[in-house]
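1. kindly generate the corresponding structure for this input.
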Amino acid sequence: MLRLEQVSAGYNRSIALDNTSIEIPEGKIVSVVGANGAGKSTIVNTVSRLVTVYSGKITFDGRDITASKPAAVVDMGIVQVPEGRQVFAPLTVEENLRLGFTRLASGPNPAQKYRERLDYVLDLFPRLRERITQRAGTMSGGEQQMVAVSRALMAEPKLLMLDEPSLGLAPMIVDQIFEILQKLRRDGLTILLVEQHADEALQLADYGYVMAVGRVRAEGPGNDLRDHPALRQSYLGREAVS
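-> Residues are numbered from 1 along each chain as shown. Below you'll find the model as predicted:
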C-alpha cells in the first residue's frame, strides 16, 4: 500500500531520514523502532508531507505522492495520530471526534456516516462514550490517547500512522491501546506503528524495521527482530528477550 524508495528528508536542510526504503503491505501492521533521534517520527511526518523530501520517491496505492500537499494526503486516506496526542483541550470528546470526521463530511449521507463512525470508535473505547461531553483537557493521558486514536479513526483511514502512542502512558493503558491495534488489523486496517518501546511494537508487528541515525539498520518479521540479541544490544539499547 505504501512504499518509500531511497527517501532522504529532513528539516531546514538537515537530513533526518537518510536514503530510507520501507514497504507497508495492505492489511498489515508494520513497526518502526529505535532509540530517540533515530528518525522514526520523521518517517511519519515525511509520509504526511510535513517535512521536505530531498530525494527518493513515496507511493501510496501506486500513486506518487512525493510532491503532494498534507491536506491531499489526508484526503487519500493517510491519517496520523501525532506524538503527544495533541487533542484540542478546550473541546469536548465529541467535538474532537467531529473534527476527525472532516474528511468524510462532504460525502454522501454525512449525518448517517458520522453516526456510524462515532458508534464504531465508541464501541472500541467505551470509556469515551461515558465521557463524551467532557473537555479533553481534563482527561488523563491514557484517555486523551484514546481520543487521539478515535479522532483519526473517524476519518475512516486506509492507512493509520501512530507516532509513539505509548509515550507517557501506564503499562496497562499501553496494553489496551495495542489490543485495539490488533482488533483494527483484524478489521483489515493497514497500520504504521512508530515506537521506542521495541518489545511490544515488534511482538505486535507483521514486519518491522530497526532505525538508527536516520537509516534502516535491520528489517524482518517482528518476532525475528525482537529475538535478535546483537541487534537489540546495538540498536535498541536493551538485552535480548529470554
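2. low-confidence stretches in this protein?
-> 228-242 (pLDDT under 70).
3. and it, what are its domains?
-> 1-77+158-242, 80-156 (automatic domain parsing).
4. would TSV of these with mean neighbour count be doable?
-> (Glycine included, C-beta is placed from N, CA and C.) Formatted as TSV, the domains of the chain follow (neighbours: other C-beta atoms under 10 Å):
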stretch	mean neighbour count
domain 1-77+158-242	18
domain 80-156	17
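5. which element, helix or strand, includes residue 4?
-> Per DSSP states H and E, residue 4 falls inside strand 2-11.
6. restrict that strand to CA atoms and write it as CSV.
-> Provided in CSV are the C-alpha atoms of strand 2-11 (Å, rounded to 0.1, in the frame of the first residue of the first chain):
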residue,chain,number,x,y,z
LEU,A,2,2.8,2.4,0.9
ARG,A,3,6.4,2.4,-0.3
LEU,A,4,9.3,4.7,0.4
GLU,A,5,12.1,4.3,-2.1
GLN,A,6,15.5,5.6,-1.1
VAL,A,7,14.0,8.6,0.6
SER,A,8,16.1,11.3,2.2
ALA,A,9,14.2,14.0,4.1
GLY,A,10,14.6,16.5,6.9
TYR,A,11,14.1,19.9,8.4
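7. partners of it in the sheet?
-> Strands that pair with strand 2-11, judged by DSSP bridges, come out as strand 14-24 (antiparallel), strand 52-60 (antiparallel).
8. these: which one's closest to residue 194?
-> The minimum distance between residue 194 and the strands paired with strand 2-11 falls on strand 14-24, with 11.0 Å, by C-beta to C-beta.
9. adjacent strands (with direction) for the next helix or strand after the closest one?
-> Downstream of strand 14-24, the first helix or strand assigned by DSSP H and E is strand 29-33. Strand 29-33 has its sheet partners listed here by DSSP bridges as strand 190-195 (parallel), strand 207-212 (parallel).
10. what does the first one contact?
-> What it means is strand 190-195. With contacts defined as C-beta atoms under 8 Å, 6 or more residues apart in numbering, strand 190-195 is touched by 1-2, 24-33, 40-41, 43-44, 47, 158-166, 181, 184-185, 201, 204-205.
11. just the C-alphas of it, formatted as CSV.
-> As requested, C-alpha coordinates have been extracted for strand 190-195 and formatted as CSV (Å, rounded to 0.1, in the frame of the first residue of the first chain):
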residue,chain,number,x,y,z
THR,A,190,-3.2,-1.0,7.5
ILE,A,191,-1.1,0.4,10.3
LEU,A,192,2.3,2.0,10.6
LEU,A,193,3.4,2.0,14.2
VAL,A,194,6.4,4.1,15.3
GLU,A,195,7.6,3.2,18.7
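12. please name the bridge partners of the residue at minimal distance from the centre of the chain.
-> A centroid search over the chain (C-alpha atoms, centre = their mean) returns residue 162, at 1.6 Å, as the residue closest to the centre. Applying DSSP bridges to residue 162 gives these bridge partners: residue 81, residue 193.
13. ok, back up a step: I'd like the strands paired with strand 29-33 as JSON lines, with distance to residue 71 appended.
-> Shown next, in JSON lines, are the strands paired with strand 29-33 (distance: least, C-beta to C-beta, whole Å):
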{"stretch": "strand 190-195", "distance to residue 71": "19"}
{"stretch": "strand 207-212", "distance to residue 71": "27"}
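14. out of those strands, which is closest to residue 108?
-> strand 190-195 (23.9 Å).
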